[in-house]
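K.L.:
With the input below, show me the fold.
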Amino acid sequence: MIRSRVKTYRYRTGKNQYIVINIFQTASAESTIGNALASNAVNVQILKKNRK
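P.N.:
Okay, here's the model as predicted:
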């Protein structure tokens, strides 16, 4: 993977809170002999914080 950029936005509508996650990725692969695979897979984990 060459570059990964993540932007997150939080906004509220009434009592509902929304999180928008934008993930921008670029990948490249080269091979002289055989196969090459460039993957743009991403793992996203969202955790809720407990308020005290």
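K.L.:
Quickly find the element holding the residue nearest the centre of the chain.
P.N.:
The chain has Ile23 as the residue nearest its centroid, 3.8 Å off, counting by CA atoms, centre = their mean. Assigned by DSSP states H and E, Ile23 belongs to strand 16-26.
K.L.:
What residues sit buried inside that strand?
P.N.:
Of all the residues in strand 16-26, not one is buried under the rule 16 or more other CB atoms under 10 Å. Where you see a C-beta, it was placed from the backbone N, CA and C, and this is true even at glycine.
K.L.:
if we can go back for a sec, might you report the residue contacts of the residue nearest to the centre of the chain?
P.N.:
By CB atoms under 8 Å, 6 or more residues apart in numbering, the contact list for Ile23 reads 4-6, 42, 44.
K.L.:
one more time with 10 Å
P.N.:
Neighbour list for Ile23: 4-8, 40, 42, 44 [criterion: CB atoms under 10 Å, 6 or more residues apart in numbering].
K.L.:
What is the nearest of those residues to Thr32?
P.N.:
Distance ranking of the contacts of Ile23 against Thr32, using CB to CB, places Asn40 first at 22.9 Å.
K.L.:
so how far is Asn16 from the closest residue to Ser4 other than its chain neighbours?
P.N.:
Spatial nearest neighbour of Ser4, chain neighbours left out: Gln25 (5.0 Å); criterion: CB to CB, 6 or more residues apart in numbering. Distance, Gln25 to Asn16, by CB to CB, to the nearest Å: 29 Å.
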